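In: Sequence and predicted structure below; questions after.
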Amino acid sequence: MWFRLVADAAMVAHFAFLAYLTVGGFVAWRWPRTIWVHAAVALYGLFNVLVGWACPLTHVENWGRARAGDSTLVATGFIDHYLAGVIYPQEHETLVQALVAAVVLTSWVGFALRRRRARAN
């Protein structure tokens, strides 16, 4: 049971990471100091997409699943297991990545405009 909890916690952390990756720039509108955390998360996400490096959370989830007697994630990882083909069609993965990038860039532009306006006042 404990191994299943480890796997489930890794899955929840993965979803939380992806949510923060997508909307963390908007969080920084309220808490400006978090923009640096979001920048690091966004750069890690970009690096992961470009290089295809396996996320450490995937390893943790697979470790917990294997020890709990469950099947591990597909070889291509978390996104292909939980999102691609489930939340959006597999063939639209590049479009989804572009939309996430557009949301991140929009949040950063909005952040910069809000900071400029706050400094002007």
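Out: On my side now, so go ahead. Residues are numbered from 1 along each chain as shown.

In: Just give me the residue closest to the centre of the protein.
Out: residue 18 (2.0 Å; C-alpha atoms, centre = their mean).

In: Output the lowest mean pLDDT helix or strand found in this protein.
Out: Across the helices and strands of the chain, mean pLDDT, DSSP states H and E gives its lowest value to helix 78-82, namely a mean of 84.

In: Same question for that one: list its buried residues.
Out: Buried residues in helix 78-82, counted by 16 or more other C-beta atoms under 10 Å: 78-79, 81-82. Quick note: C-beta positions are derived from backbone N, CA and C, even for glycine.

In: again, but for stretch 33-42
Out: Of all the residues in stretch 33-42, those buried under the rule 16+ other C-beta under 10 Å are 34-35, 38, 41-42.

In: Filter these down to the ones in helices?
Out: Taking DSSP state H, the ones among those that sit in helices are 35, 38, 41-42.

In: okay, the residues you listed in a markdown table with distance to residue 113 and pLDDT next?
Out: Shown next, in a markdown table, are those (distance: C-beta to C-beta, whole Å; pLDDT from 0 to 100):
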| residue | distance to residue 113 | pLDDT |
| --- | --- | --- |
| 35 | 13 | 97 |
| 38 | 16 | 98 |
| 41 | 21 | 96 |
| 42 | 18 | 96 |
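
In: possible to save the residues you listed as CSV with distance to residue 25?
Out: Listed next are these as CSV, based on distance: C-beta to C-beta, whole Å:
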residue, distance to residue 25
35, 7
38, 5
41, 10
42, 8
